[in-house]
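Student: Provide a 3D model corresponding to the input given below.
(one chain, ligands or ions: 1)
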Amino acid sequence: MNKRWGFSTTAIHGGKIADTHKSVAAPIYQTATYYYDTAEEGARLGQEIPPGFVYTRWSNPTTRALEEKMALLEGAEDALATASGMGAVSCAVLTALKRGDHAIAPSAIYQATYQLFAEMLPSYGIETTLLPDTDTQSYERALRPNTRLLFIETPNNPMLAITDAAKVASLARAHGAMTIADNTWATPYNHTPISDGVDAVVHSATKYLGGHHDVTLGLIAGSSDFIKKTKKQVRILGTTPDPFGAWLVIRGLATLALRVERQNATALRLAEFLAEHPSVDRVHYPGLRAHPGHAVAAKQMRGFGGMLSFEVKGGYGPSVRVFERLEIPKRATSLGGVSTLVSHPAGISSVHMPREVRAAVGISEGLIRVSVGVEDVDDLLGDFSQALNPAHLS
Ligand SMILES: *Cc1c(COP(=O)(O)O)cnc(C)c1O
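Tutor: Residues are numbered from 1 along each chain as shown. Model (predicted):
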């Protein structure tokens, strides 16, 4: 990165495509393949890392521009785009591990990542431990001689628990293991785990990076060596993104800082409002002093993010009434876009976890998760206020 440039300048001007027509917006190379004129030129393109573009499952100019931008924003040597966030998680994890290895991840992580660790990796002969919390000491206790990967997600889903990225990364390094962080919720605007010593970062660009609920895409950032190895997996497994999707994320990144700044500010206001509300039992937001991860979040994050969750007094019934009375937020899976979204983890997004696991990680029946959008904060506060009116709750 040009060291003089800040986050927004880099997000807008970093990793440009050399376009002969000098278009200001990135062109979309909507092509599946690329021609060559001579057999010799074709042979040169056949190398593992070709000097040009060969076939879009391998690489594409629009996608490559996104990857270069993302590497700059995460402070990584290189980056790689995938067809979805799970494409990024699974290809990165499968690159880090082989049969006979052991990996550690918390139970309270993204649903499909949980299933990858709980079901799929063990079926390939990879041992896994799923932790009941995200404490560094729990990672340490779970270490085995064959541990090769410590996976973190901070803040996590849906309790907003914070993991100390620097501590887990140094624990892993001392043990000869690598650390991968799912940085979807924080975004590189709020947290750059690689600067804390984490080896690689994965993203669902479907969320904040795209930011408009209109694209499914993933990104991996890390060392040149790790990205090269992961690229091989992606080419075999075929988790390549479409160039148009990559273009949408390039467009999203241009306003990432603006959106996340607004989302940080609105989420803090909403968390403070909910914490004072008589119909609310508890609020989980790392920006609140009472949150157990507040000190670590304040140390490693630039802002506390746009995600929060809260527990409605009285449990399941009253929380469903609040959930259904909200008028502005859409009741939908996903997060990180311009529209505020709410979900009810006991009802939908954490049903993959057995009830005991859910209870152990603190997901109560009255929990509502909020992904704060960029609407006017007073409209959102007014809407939560009417939905939480105690007159409607019993
Ligand atoms: C959404 C999400 C994913 C999966 O991303 P997709 O783009 O839906 O495949 C992974 N991790 C986290 C934290 C997510 O929120």
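Student: state which one residue of the chain is found closest to the ligand.
Tutor: Gly85 (2.1 Å; C-beta to the nearest ligand atom). Every C-beta, even on glycine, is put in place using the N, C-alpha and C of the backbone.
Student: ok, now which ones touch the closest residue to that residue other than its chain neighbours?
Tutor: Once flanking residues are discounted, Gly85 sits nearest to Ser204: 2.5 Å by C-beta to C-beta, 6 or more residues apart in numbering. Residues near Ser204 by C-beta atoms under 8 Å, 6 or more residues apart in numbering: 84-86, 88, 110, 182, 184, 217-218, 336.
Student: now Leu160
Tutor: With C-beta under 8 Å, 6+ apart, Leu160 has these contacts: 284-286, 291, 293, 307-309.
Student: how long is stretch 73-86 end to end?
Tutor: 20 Å (C-alpha to C-alpha, to the nearest Å).
Student: and that stretch, which residues are buried?
Tutor: Going by neighbour count (16 or more other C-beta atoms under 10 Å), the buried part of stretch 73-86 is 73-74, 76, 78-86.
Student: and what of stretch 295-305?
Tutor: Buried, per 16+ other C-beta under 10 Å, within stretch 295-305: 296-297, 300-305.
Student: pull the residues that contact it.
Tutor: 155, 162-166, 185-187, 189-191, 196, 260-261, 263-264, 267-268, 285-287, 291.
Student: briefly note if that stretch comes near the ligand.
Tutor: No: using C-beta under 6 Å from any ligand atom, stretch 295-305 stays clear of the ligand, with a minimum separation of 11.6 Å.
Student: what about that stretch, average pLDDT?
Tutor: The pLDDT scores in stretch 295-305 average 98.
Student: stretch 379-393 now?
Tutor: 94.
Student: can I get the CA coordinates of that stretch in CSV?
Tutor: The C-alpha trace of stretch 379-393 is given here as CSV (Å, rounded to 0.1, in the frame of the first residue of the first chain):
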residue,chain,number,x,y,z
ASP,A,379,-36.2,6.4,12.9
LEU,A,380,-34.6,3.2,14.2
LEU,A,381,-34.7,4.3,17.9
GLY,A,382,-38.4,5.2,17.4
ASP,A,383,-39.2,1.9,15.9
PHE,A,384,-37.4,-0.2,18.6
SER,A,385,-39.2,2.0,21.2
GLN,A,386,-42.7,1.2,19.8
ALA,A,387,-41.9,-2.5,19.4
LEU,A,388,-40.6,-2.8,23.0
ASN,A,389,-43.6,-0.9,24.5
PRO,A,390,-44.4,-3.1,27.6
ALA,A,391,-48.2,-2.7,26.8
HIS,A,392,-47.7,-5.2,23.9
LEU,A,393,-45.5,-7.7,25.6
